[in-house]
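Asker: Everything below, folded, please.
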Amino acid sequence: MTSSDAIPPSRYSVRFGMRSLLILFGLLAVLFAGYGWVYRKFVAPRRHVDAIEVHLRTLANRRPDDMSAAQWESAVGWTLNLHGNSLYAFQSDVPTLRAFEERLANRLAGDVDMDTIHWIWDEYADLCPGGERYQRLRPLMVEEVEKTGVNWGSNVP
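Answerer: Residues are numbered from 1 along each chain as shown. As a prediction, the model looks like this:
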């Protein structure tokens with residue numbers, strides 16, 4: 001068999017040398033490291049932020065006896081706005097969010113009232129920069145809750 005009788009390489013064959021494999025493994029390592037960073041910075045905290053919101057939404061059905069439905073709807077609505085407008089997943093780390101989620105669950109295991117709402121607002125002020133800035137709206141929330149004595153078609157029982 002002569003060299004002219006050898007099978008010509010297919011134009012679709014892929015040849016990996018050691019250099020190509022090292023480059024491929026390097027790219028994969030960078031990709032996995034990047035995903036790990038994105039997961040720790042955005043995905044994992046987002047799960048806790050969502051769980052916190054679920055806890056806060058349970059307040060809607062737990063109106064205290066000393067408040068009208070409209071007052072409680074206002075207080076809960078403002079608190080949900082506090083959550084949605086101030087707690088960004090990337091501003092807090094997972095242990096901090098997990099600890100707050102546990103404190104919130106424990107607090108909500110008992111009776112709830114306006115003291116609970118104020119406690120949540122205090123926690124947000126310590127939890128994240130947005131929560132601290134949102135405190136400027138707290139007097140508006142309190143004023144609205146105090147003035148809202150008539151049920152204007154609220155969705156809160």
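Asker: next structured bit after whatever helix or strand residue 133 lives in?
Answerer: In the assignment (DSSP states H and E), residue 133 maps to helix 129-134. Following helix 129-134 in sequence order, the next helix or strand is helix 138-147 (DSSP H and E).
Asker: Please spell out which residues along that following helix are buried.
Answerer: 138, 141-142, 145 (16 or more other C-beta atoms under 10 Å). C-betas here are computed from N, CA, C, even on glycine.
Asker: And stretch 120-135, by the same measure?
Answerer: For stretch 120-135, by 16+ other C-beta under 10 Å, it's 120-121, 123-125, 127-128, 130-131, 134.
Asker: Give me the contact list for the helix holding residue 133.
Answerer: Helix 129-134 has contacts (C-beta atoms under 8 Å, 6 or more residues apart in numbering) with 82, 85-88, 91, 121, 123-126.
Asker: make it 7 Å
Answerer: Residues outside helix 129-134 that contact it (C-beta atoms under 7 Å, 6 or more residues apart in numbering) are 82, 85-88, 91, 124-125.
Asker: just stretch 136-152 next, same as before
Answerer: Under C-beta under 7 Å, 6+ apart, the answer for stretch 136-152 is 68-71, 74-75, 78, 121.
Asker: Try it again at 8 Å.
Answerer: Contacts of stretch 136-152 (C-beta under 8 Å, 6+ apart): 67-71, 74-75, 78, 82, 114, 121.
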